[in-house]
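Engineer: got a predicted structure here, sequence first:
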Amino acid sequence: MSQYLQFTRSAFYALIAALPLLVAYELLLIAGGSPHGGQVRNAGDVWLRMLLASLDVRPSQATLVMILVLVLALPLVKRRAITVKGAYLGLMLLEALGYSLALGLTINVILEFIFSAIPSSMLGRLVLTAAAPMEQGTIQGLALSLGAGLFEEFIFRVVLLGALLFTTRFFLPSHLAALVSIVLASLLFSAAHYIGPLGDPYFFASFMFRFIAGLLFSALYYARGFAITAYSHAFYDIRVILF
């Protein structure tokens, strides 16, 4: 069991797990696209493509470049003791599925506790009404679920949270730096869902839901690494789409 926990938390297994997520995401986008070829992509994917475009990578080449980067990075993060085990990959999926099922229940319990402490008159002022979110097909929804697990966890947990931790440790004690970084990254994770023309309409309850989800995903990321966190996020979003 200790070897399983060590292997599946490694950067090597993170890259292995990211590859099928990226390929499945792109295939589902193609399958669920409009007759005119239009695609609604995950916001994190769009941000990465904008970065690649600034490096003169054409939009038609972006996916291939991402896959190539993942493949080329595999030997760079490979450690001699770490090997690919099919049984471990299967256990990772089951573990992530379990976390995804527990996630919604845990967040709802926390939200009920928070909202029970807020007077109803104040809560009414905090909730902003807006139009319903844009509808999407099931295939497109599945694609965006996989994209959320892959791109959002990479941007908000690996990149943003890592950068915040690196910065705050210069002027804060380590435990306080971790707390501040996790809270800031979770706030930005929640706020990002309401930005742009395709952003969701703002509701205080949904903002708090995503903020708490960000906190839990951050805790899971530090405990179990990127691979488990990315698949847990994807599985949770898929469950919302299908059920």
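Structural biologist: Perfect, thanks for sending it. Numbering: from 1, shown residues only.
Engineer: what's the closest non-adjacent residue to H233?
Structural biologist: G149 (4.0 Å; Cβ to Cβ, 6 or more residues apart in numbering). Where C-beta positions appear, they are placed from N, C-alpha and C, glycine not excepted.
Engineer: residues contacting that neighbour?
Structural biologist: L21, A230, Y231, S232, H233, A234, F235, D237 (Cβ atoms under 8 Å, 6 or more residues apart in numbering).
Engineer: out of the residues you listed, who's nearest A102?
Structural biologist: A102 has its nearest neighbour among those in S232, at 9.1 Å by Cβ to Cβ.
Engineer: name the helix or strand for that closest one, please.
Structural biologist: helix 204-242 (DSSP states H and E).
Engineer: in stretch 2-18, what counts as buried?
Structural biologist: F7, T8, R9, S10, A11, F12, Y13, A14, L15, I16, A17, A18 (16 or more other Cβ atoms under 10 Å).
Engineer: who's in contact with the helix or strand hosting the first one?
Structural biologist: This points to F7. Assessed by DSSP H and E, F7 sits inside helix 2-8. Here helix 2-8 makes contact (Cβ under 8 Å, 6+ apart) with Y13, I82, T83, K85, Y88, L91, M92, E95, R224, G225, A227, I228.
Engineer: distance of the closest residue to the first one other than its chain neighbours relative to R239?
Structural biologist: Take Y13 and drop its neighbours on the chain: the residue closest to it by Cβ to Cβ, 6+ apart is A227, 5.1 Å away. A227 is 19 Å from R239, where distance means Cβ to Cβ, to the nearest Å.
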